[in-house]
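*Asks:* What follows is a predicted protein model with its sequence.
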Amino acid sequence: MQRPEYYLGIDIASANFYAAIGKAEDDQWHIMMKPKGFRNEYDELGQFLNWMQQHQLRPENTIICMESTGVYNEVLAHFLVANGYMLAIQPPLEVKRAFKPVGHKTDPVDSEQIAEYAYRFFDELHIWKAREEILEQIKTLLATREQLCKQKVSHLNTLKALQRKVVRTPLAEQVHEKEIKLIKQHISEIEREIERLIDQDPTYRQFIGLLMSIPGVGFLLAANLLVTYQTNPQYFQPKTLAAFIGICPFEHQSGSSVFGASTSRHYGPPALRRLLFLAAMSVRTHQPQFRSYFYRKVQEGKAKKLVINNIANKLLKIICAVVRTQTPYIHGYRSVHPQLLSNKVLTLS
C-alpha cells in the first residue's frame, strides 16, 4: 500500500471532534495548521468534508486515523468511507503508548498525535470497513443477550437470598420471579431473531453449519465466532485466536530470580471466552478422546482448570482448520504426516 501525502488525525467525543492535518517533507514530520473543531452531528459533516477538500485532502492522497470510541465515531466513520476516504480506527491504548506522557493533554493535541501516529505506524494501521447490516444486527443482538443474561443471574441470586431469609417478603420475591420470566422470554426472542438473520445470508448459514459440525460447538458459540471472523478474519489462526480470546498462556520470567507460572492475559471478549469454556467442558464429558485426555493429564498432576484450557485450545485448532478448509468436522479423523507417506511407511488402499 503506497504512502499517502496527507495524514488526518481525529480526536472524537460525544458532542464534537477535532481534526489535525499533517504531512512529511524531506522525512520531517510537521502539522500543517492548527487543529479545527467540528460538531459530531450528521448534519454538520458536510462542513467537515468541505474543509478537507479546501485543503486538498482527497481520497486518493489522504488517510484518516481515529481512535476506537464505540458509538461516538460510528456516524463519522460511515460518512468518510461512503465518500471514498481510507480510514483507520486504532485501539486507544496503542496510540497512547506511542507517545511519552508529557506536555498538555487536550483534544487538539490528541488529534495532532493521532495524525503523527498514522504517519509513524502507517504499515500497521487497521483499515476500517463498514460491516454489513445483517452482521451489525447480529453483533448488537448478541451483546444485548449478554446483558440480559447478566441481569437474569443477578435476579436469580437475589431471589435465592430472599428465599433463605427468616422473614420472607412475598412481594419482593414475586417481583424477581416475574423479572426472571420476562428476561427469559426476551432471550428466547433474541435467539430466534439471530437465527432468522443468519438464515437470510447463505454464506453466514454455511459458516454456522460448518462450526456446528464440531463437537461441543453450539449455535451461540458459532454466532460469536461468525462475528469475530467477519470483523477480523486475520485472527483465525489457532495461536492468534487463542491470544485474542484470552486463553493463550504466556511465560512470566525475568532474569534468574523471577519465575512465575504461565498464564493468560485475562482480557478479550468475555462472552466468547465463556462459551468456549463451556464447549470444552461439554466435550470433556461427552467425547471419549477428550475425556481420556482430561483424566490422563489430571493423573499426571496437571491442574483441572489448566487441562480444560488445553482442551479449549484444541477446539480452536479444529475450528480454524474447519474454517480454513471449508470442510465439516470428520469424527475420528487422524491426520497423517507427509513424511510417512513419502517413506511408504503407511500404505493407503
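*Replies:* Yep, it's here. Numbering: from 1, shown residues only.
*Asks:* need the strands for the stretch 151-300 of the chain, in chain order.
*Replies:* Secondary structure of the stretch 151-300 of the chain (DSSP state E, counting those that start in this stretch): strands at 250-254, 258-263.
*Asks:* ditto for the stretch 1-150 of the chain
*Replies:* Assigned by DSSP E, counting those that start in this stretch, the stretch 1-150 of the chain shows strands spanning 6-12, 16-25, 28-31, 36-39, 62-67, 86-90.
*Asks:* list the contacts for residue 187?
*Replies:* Residue 187 sits next to 145, 148-149, 152 when contact means CB atoms under 8 Å, 6 or more residues apart in numbering. Heads up, the C-betas are built off the backbone N, CA and C, glycines and all.
*Asks:* who wins for neighbours among those residues?
*Replies:* residue 145 (21 neighbours; other CB atoms under 10 Å).
*Asks:* Could you check how many residues crowd around the closest residue to residue 304 other than its chain neighbours?
*Replies:* Closest residue to residue 304 apart from its sequence neighbours, by CB to CB, 6 or more residues apart in numbering: residue 298 at 6.0 Å. Using other CB under 10 Å, residue 298 has 13 other residues around it.
*Asks:* Can you tell me how far residue 298 is from residue 285?
*Replies:* Per CB to CB, to the nearest Å, residue 298 is found 14 Å from residue 285.
*Asks:* per-domain residue ranges of this protein.
*Replies:* Listed domain ranges for the chain are 6-124, 133-200, 233-325 (source: automatic domain parsing).
*Asks:* Could you list the low-pLDDT ranges of the stretch 151-300 of the chain?
*Replies:* Applying pLDDT under 70 to the stretch 151-300 of the chain picks out residues 249-266.
*Asks:* how about 90 then?
*Replies:* Residues of the stretch 151-300 of the chain meeting the criterion pLDDT under 90: 231-235, 243, 246-269.
*Asks:* As a check, name the ranges of all helices in it.
*Replies:* All helices of the stretch 151-300 of the chain, identified by DSSP state H, counting those that start in this stretch, fall at 170-200, 202-212, 219-231, 238-245, 270-286, 288-299.
*Asks:* Could you dump those into TSV and include distance to residue 105?
*Replies:* Shown next, in TSV, are these (distance: least, CB to CB, whole Å):
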stretch	distance to residue 105
helix 170-200	40
helix 202-212	43
helix 219-231	31
helix 238-245	30
helix 270-286	30
helix 288-299	50
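*Asks:* wait, the residue nearest to residue 304 sits on residue 306?
*Replies:* No: the pair residue 298 / residue 306 is not scored as a contact, 9.5 Å apart, by CB atoms under 8 Å.
*Asks:* gap between residue 198 and residue 142?
*Replies:* As judged by CB to CB, residue 198 and residue 142 stand 11 Å apart.
*Asks:* Fine by me, thanks again.
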